[in-house]
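Colleague: Fold the following, please.
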Amino acid sequence: MKTLLRTAAAGFCSLAFLAHAAAISGTVTNKTIGKPAAGDTVVLVDVQAGMAEVAHATTDAKGHYSLDKPGSGPYLVRVTHQGASYFIAAPDGGPGDIPIYDSAAKVDGISIEADVLELETDSGQLKVNERYFVHNTSSPPRTQYSAHGLEIVLPADAVVDGAAARRPTGLPTSTQLTPAGAKGHFTFDFPIQPDEGEKDTLFQITYHLPYSSGKFTFKPQLSMPADNVAVLMPKSMTFTAGAGANFQPVPEDPNIQTYVAKNSTPGKAIEFTVSGTGSMPREGQGQPAADSGAQETGNPGGQPGGGIGNPIDTPDPLTKYKGWILAGLALLLVAAAAFLLRKPAGAAAGAGTVAAYTAGASYAEAGAPTHASPGVKKAALLNVLKEELFAIESEKLSGTLAPGEYVEVKAALEIVLKRALNRK
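Modeller: Numbering: from 1, shown residues only. Predicted coordinates for the structure are as follows:
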């Protein structure tokens, strides 16, 4: 009898475990050749356990894989192919199909659509937030990936404050810059995946420069042709184009100045000089405040764009980027999440929504309705903040986030998370 009871108990435990666990299966397809990807490593990642790897599989000859999902929390499925990683949110039901691409150190069809510099001053320093919108229109589609990715050149006196990158369908995440020989030359260690519709790869970097003289001359050096080089700055500052530079003003926005040079190429003159002081407008502010020598107000941490600014209604070529033009980087990852929440939001983001964010889905793609109450938006923000905490744990483990930066970013995220919890 005791043996039967023990056997029955063990059976019930097994059934309970099986009920709790779930199988995730799908097909990995190589979109470069249009065939199943065989022999690729597939990993299930637990975002609530410091991005721990909880299950592993290898795709078979038909690109098929199967993983055991141990719980109901948010998980990611990661596939590594030729050194580059691809993610999806672990599905609660249905197939977990994943598209991947062949990788190469150099791919044709890579170009810069826009190099956007946002400038403001702060206590004798010139703050710069620069973004590169990079297209990958390779055919057949391939990912450009190597330790020497997109190369950028900063002014010799620049002090880097932070760097980030965003896949075509993802959120910005901190990344590392690698010195590339001469002073001021760096490369991003980040893959340039093929465009997804109109979405390209975004690289962004913040740095500051000495500005005690109240004047600075930029001499941008491009590594590849750029359709547009744009400069944004407060109304209180002065812009002067250098000899041979074809910058033209874009007068649409009343709160900032915008100048654009089209069809810039490596070696072509795009020099410009800025002078004066001022800060970019913040959320709920009108005209930017001029700096009379003291530190600007309304800028926590003294970083450029300390909040998400009002989108600029500028004509082409900057219209598609207006959500990023005034995106603040005081808290790089939080700013990105807040930008997404400025869009029409929906029901509180649950585990599936958090995972969808991490995998690069938009808020609407995560299943949110088109309208939401302030309380619902706060709940969604809480989930995004938590997800970003999980993300930096992953970057720490993978070595893409330096220990010092990890401590700073985590502390900042925790402060914002606590404030959001108190408000809720």
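Colleague: Just the buried positions in stretch 27-39, please.
Modeller: Judged by neighbour count using 16 or more other C-beta atoms under 10 Å, the buried positions of stretch 27-39 are T27, V28, T29, N30, T32, P36, A37. Bear in mind the C-beta positions are built from the backbone N, C-alpha and C, glycine included.
Colleague: One more: stretch 116-129?
Modeller: Neighbour-count burial for stretch 116-129, counted by 16+ other C-beta under 10 Å, picks out V116, L117, E118, L119, E120, T121, D122, Q125, L126, K127, V128, N129.
Colleague: Also stretch 235-250?
Modeller: Applying 16+ other C-beta under 10 Å to stretch 235-250 flags K235, S236, M237, F239, A241, A245, F247, V250 as buried.
Colleague: again with stretch 79-92
Modeller: Residues V79, H81, Q82, A84, Y86, F87, I88, A89, A90, P91 are the ones in stretch 79-92 that count as buried (16+ other C-beta under 10 Å).
Colleague: so can I have a markdown table of those showing pLDDT, distance to K219 and secondary structure?
Modeller: What follows is these, written out as a markdown table (pLDDT from 0 to 100; distance: C-beta to C-beta, whole Å; DSSP: H, G, I helix; E, B strand; the rest coil):
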| residue | pLDDT | distance to K219 | secondary structure |
| --- | --- | --- | --- |
| V79 | 93 | 42 | strand |
| H81 | 94 | 39 | strand |
| Q82 | 92 | 37 | coil |
| A84 | 88 | 33 | strand |
| Y86 | 86 | 38 | strand |
| F87 | 82 | 38 | strand |
| I88 | 84 | 43 | strand |
| A89 | 82 | 44 | strand |
| A90 | 86 | 48 | coil |
| P91 | 84 | 50 | coil |
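Colleague: Which of those sits closest to V134?
Modeller: Within the buried residues of stretch 79-92, distances to V134 taken as C-beta to C-beta reach their minimum at A84, with 15.2 Å.
Colleague: returning to that earlier point: I'd like to know which of the buried residues of stretch 27-39 is nearest to Q144.
Modeller: Set against Q144, the nearest of the buried residues of stretch 27-39 by C-beta to C-beta is T32 (12.2 Å).
Colleague: how about that closest one, secondary structure?
Modeller: Following DSSP: H, G, I helix; E, B strand; the rest coil, we place T32 in the coil state.
Colleague: Which per-residue confidence value corresponds to D227?
Modeller: With respect to pLDDT, D227 scores 92.
Colleague: I'd say H135 and I110 touch.
Modeller: Yes - with contact defined as C-beta atoms under 8 Å, H135 reaches I110; the gap is 7.0 Å.
Colleague: sorry, back to before: so of the buried residues of stretch 235-250, which ones are in strands?
Modeller: Secondary structure of the buried residues of stretch 235-250 is defined by DSSP state E; positions in strands are F239, A241.
Colleague: Using a markdown table, please lay out the buried residues of stretch 79-92 together with distance to H185.
Modeller: Formatted as a markdown table, the entries for those read as follows, by distance: C-beta to C-beta, whole Å:
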| residue | distance to H185 |
| --- | --- |
| V79 | 32 |
| H81 | 29 |
| Q82 | 26 |
| A84 | 24 |
| Y86 | 29 |
| F87 | 30 |
| I88 | 35 |
| A89 | 37 |
| A90 | 40 |
| P91 | 43 |
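Colleague: So of those, which two are at opposite extremes in space?
Modeller: The span of the buried residues of stretch 79-92, defined through C-beta to C-beta, is set by Q82 and P91 at 24.6 Å.
Colleague: Poorly predicted segments of the protein, please.
Modeller: The model of the chain has pLDDT under 70 over residues 1-21, 171, 252, 282-404, 406, 408, 411, 413-424.
Colleague: Which parts of it are helices?
Modeller: In chain order, the chain shows helices spanning 2-20, 322-325, 332-342, 351-359, 374-398, 403-423, with DSSP state H as the criterion.
Colleague: Which parts of the stretch 201-350 of the chain are strands?
Modeller: Listed in chain order, the strands of the stretch 201-350 of the chain (DSSP state E, counting those that start in this stretch) span residues 201-210, 215-218, 226-234, 238-241, 248-249, 256-264, 272-275.
Colleague: ok, the longest one: who's next to it in the sheet?
Modeller: Next to strand 201-210 in the sheet, as set by DSSP bridges, lie strand 125-136 (antiparallel), strand 159-166 (antiparallel).
Colleague: Of those strands, give the one that comes closest to T59.
Modeller: Proximity of the strands paired with strand 201-210 to T59 was assessed by C-beta to C-beta; the nearest stretch is strand 125-136, lying at 23.8 Å.
Colleague: Using PDB, write down the CA coordinates of the closest one.
Modeller: Only the C-alpha atoms of strand 125-136 are listed here, as PDB (Å, rounded to 0.1, in the frame of the first residue of the first chain):
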ATOM      1  CA  GLN A 125      30.500  72.300 -21.500                       C
ATOM      2  CA  LEU A 126      29.000  71.600 -24.900                       C
ATOM      3  CA  LYS A 127      26.700  68.500 -24.700                       C
ATOM      4  CA  VAL A 128      26.300  66.400 -27.800                       C
ATOM      5  CA  ASN A 129      23.800  63.700 -28.500                       C
ATOM      6  CA  GLU A 130      24.500  62.100 -31.900                       C
ATOM      7  CA  ARG A 131      22.500  59.500 -33.700                       C
ATOM      8  CA  TYR A 132      23.200  57.500 -36.900                       C
ATOM      9  CA  PHE A 133      20.300  55.900 -38.700                       C
ATOM     10  CA  VAL A 134      21.900  53.100 -40.800                       C
ATOM     11  CA  HIS A 135      20.300  51.200 -43.600                       C
ATOM     12  CA  ASN A 136      21.000  47.700 -44.600                       C
END
